[in-house]
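J.: Could you work out the structure for the sequence below:
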Amino acid sequence: MGKSINRNFLKFLIVIIAFQDVAAGVAGSIMADIIAAFPDYNPTIVMLVATFPGLIQIVPALFYGKLSAIFRKRTLLFTGLILFMIGGIMPFFIDSLPLIIAFRGLLGLGVGITMPLSVDIISDFFEGRERDFLIGFGTSTIACIGAIFFQLVGGMLADAYGWQYGFLTYLFPIWILALTFLFLPEPERRKQEEQKTKQKIKTPRVIFGVSLGQVFFSAMIFGYVTNISVVIQAENLGTATQAGMAISVFTFGTLLIGFFFGRVKHLLPQSYIPFAVFLTGLGMMICYYSHSLTMILVGSIIGGMGMGIGLPGVFARIAEATPKNSSTSYVGFAVAAQGIGGIMGPFLFGMILDVLSKDIGRFPLLISGVGLLALALVWLVLVKTTKPANSPDIEVTL
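T.: The predicted model follows:
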């Protein structure tokens, strides 16, 4: 598509792609109803309706670099959005749990394509502080607004009409598909790739390092998400609604800081990721030591702000570290790392609790806090002692 497009409208088209990145959460908000609807199945199996998309999205995310080198970005976007909508809506029409889980896997395939693409396409059109702002705004603010929308509307439809109606929420991205199909141009950079097909560029080590850090960062968040409501209710610090509010406040912190990610990155050009991990760890520690709902909410919003810097921070770092003359995108590594960390979390925390003979509740918050603060320190040391990713030691083999 060679037609010109208003720059602000282009920004809008690009950031709305991130709207459905965390939309798999619809099933989480109606999980109790789904478990009740399938009494013959073990609840752990039924929970795959919520967790399976996160597992499956790792696969296309890992191969996103190859896919983006073969297919046009617009083709990938439409494929991802169509898979997302079909996989999302079909559970409304069927009563078979295995089929519902299979279609949820299809949704995961869609997210595994659109999530790295939503960052990659920003790097195709924008650079510098403009790129940083859009990555932060898209992956933190817009993604969180999307997550809140899908959870709330899905829950409301399920409460009003029945659990299957919650899945009709996945009709909503049709407007994203229509707008991007009509107006989003193919990035110019794609047209230059044919001249570089014989060039092989060594993947910078920093990309693997940042992705590995992302695995542990995502795994450590698990301790908060699954235990904060347990602490609030078990210790009579608040009601079930107030326990849910803690997660909402965490999400709000992530959403809010997305507006300011570019500014934070500009102020801390080398250490913005360690700072983000530190802030998240600090939030976890405040929650661990707090014995009032107010202080837990304070810790939650601080932790969420750290997350809101950390997630776009990882994407921005990988985009920066990608050699200018590379036709391969590596942002899929960050998405895959996030998914792997999410899967590792339950096993890692379960193992630590078993070894130390501890129960769920407060102690996992301590594990999260200490683990994140340690990760922040290690990341800071590595950042201060490693050459910038764009230094001359990146090898290009022909």
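J.: use CA for all of it now, contacts and neighbours both
T.: Fine.
J.: then the helix or strand encompassing residue 79 to PDB, C-alphas only?
T.: Mapping residue 79 onto the secondary structure by DSSP states H and E places it in helix 73-89. Output in PDB follows, covering the C-alpha atoms of helix 73-89 (Å, rounded to 0.1, in the frame of the first residue of the first chain):
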ATOM      1  CA  LYS A  73       3.300  -7.900   8.300                       C
ATOM      2  CA  ARG A  74      -0.200  -7.200   7.100                       C
ATOM      3  CA  THR A  75      -0.700 -10.900   6.300                       C
ATOM      4  CA  LEU A  76       0.500 -11.900   9.800                       C
ATOM      5  CA  LEU A  77      -1.700  -9.300  11.400                       C
ATOM      6  CA  PHE A  78      -4.900 -10.500   9.700                       C
ATOM      7  CA  THR A  79      -4.000 -14.100  10.200                       C
ATOM      8  CA  GLY A  80      -3.400 -13.500  13.900                       C
ATOM      9  CA  LEU A  81      -6.600 -11.500  14.400                       C
ATOM     10  CA  ILE A  82      -8.800 -14.000  12.500                       C
ATOM     11  CA  LEU A  83      -7.300 -17.000  14.500                       C
ATOM     12  CA  PHE A  84      -7.900 -14.900  17.700                       C
ATOM     13  CA  MET A  85     -11.600 -14.200  16.900                       C
ATOM     14  CA  ILE A  86     -12.400 -17.700  15.600                       C
ATOM     15  CA  GLY A  87     -10.700 -19.300  18.600                       C
ATOM     16  CA  GLY A  88     -12.400 -16.900  21.000                       C
ATOM     17  CA  ILE A  89     -16.000 -17.000  19.700                       C
END
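J.: Which other helices and strands does it contact?
T.: Here helix 73-89 touches helix 97-125, helix 174-183, going by 3 or more CA pairs under 8 Å, 6 or more residues apart in numbering; DSSP states H and E.
J.: buried set for the last one?
T.: If you call a residue buried by 16 or more other CA atoms under 10 Å, then helix 174-183 has these buried ones: 176, 177, 180.
J.: cool, stretch 348-365 as well?
T.: 348, 349, 350, 353, 360, 361, 362, 363, 364, 365.
J.: Equivalent analysis for stretch 84-104, please.
T.: Here stretch 84-104 shows 84-91, 97, 100-104 as buried, counting by 16+ other CA under 10 Å.
J.: what does it contact?
T.: Applying CA atoms under 8 Å, 6 or more residues apart in numbering, the external contacts of stretch 84-104 come out as 38, 46, 48-50, 52-53, 105-111, 164-171, 173-174.
J.: Recalculate using a threshold of 7 Å.
T.: Contacts of stretch 84-104 from elsewhere in the structure, counted by CA atoms under 7 Å, 6 or more residues apart in numbering, are 48-49, 52-53, 106-107, 110-111, 164-165, 167-168, 170-171.
J.: quick one: low-confidence parts of the stretch 1-150 of the chain?
T.: The stretch 1-150 of the chain contains residues with pLDDT under 70 at 1-4, 23-25.
J.: Now distance to residue 323 and pLDDT too, for the buried residues of helix 174-183, in JSON lines please.
T.: Formatted as JSON lines, the buried residues of helix 174-183 follow (distance: CA to CA, whole Å; pLDDT from 0 to 100):
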{"residue": "176", "distance to residue 323": "31", "pLDDT": "92"}
{"residue": "177", "distance to residue 323": "31", "pLDDT": "91"}
{"residue": "180", "distance to residue 323": "28", "pLDDT": "92"}
